[in-house]
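> Turn this into a structure:
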Amino acid sequence: MNKKEYDIKMLEAYIGTVSKFTWYTKAFQIFDTRSEGLSWYWNNWAMIGGFWYFLYRKQIKMALISLFIILIAGAILPLTLFILFYLLFSIVLGGLSTYFIYTNYKTHQTDIEAMFKSDKEKCIGVMHVVGGVNPVALYAGVFALVSLVFILVGLLTMAQGSVPL
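Here you go, the predicted model:
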């Protein structure tokens, strides 16, 4: 297996979803050619999903950081400022999340290749385990969103019922 085939197989193993492979390949090629620090590459799902998107992509560290930032901001800021903060934070996540995934991929690739220097098939197998997606996070995110909608509807219904006529 030559270097180009190996790199493609490693990226396929890390991305884990066939439908998104081309998109991530294009993004990662752009990051490789830029070779600068933090880079922007828009990702709709990261903007919409935030914390859940990172969990889906097995980016636990970034998921916890984004959740912590949102929870702290929600505890400190008044509601109107929190809504504005959340919108801006979501836009930032939408632009930078792909770069975070890229840097995590490069880190994992370096670490795995250092462990299994000569066995490329084993490297690809380990990358498949480390990368890919976590479908449980997708279902948990949908469940949490639906639950939140039901809670809000219930609270609004209770609030309307308690108002004297």
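
> switch to C-alpha atoms for all contacts and neighbour counts from now on
Fine.

> So V129: helix, strand or coil?
Put simply, V129 is helix when judged by DSSP: H, G, I helix; E, B strand; the rest coil.

> separation between it and F150?
Remark: distance between V129 and F150 (CA to CA, to the nearest Å) = 36 Å.

> Okay, buried residues for the host helix or strand of K106 please.
Using DSSP states H and E, K106 maps to helix 79-115. In terms of neighbour count (16 or more other CA atoms under 10 Å), helix 79-115 has its buried residues at 82, 85-86, 89-102, 105, 108-109, 112-113.

> so what secondary structure elements neighbour that helix?
Helix 79-115 sits against helix 21-34, helix 44-49, helix 60-76, helix 120-130, with contacts defined as 3 or more CA pairs under 8 Å, 6 or more residues apart in numbering; DSSP states H and E.

> mind redoing it with 10 Å?
The contact analysis (3 or more CA pairs under 10 Å, 6 or more residues apart in numbering; DSSP states H and E) places helix 79-115 against helix 3-15, helix 21-34, helix 44-49, helix 51-56, helix 60-76, helix 120-130.

> Tell me the spacing between A137 and V92.
Per CA to CA, A137 is found 21 Å from V92.
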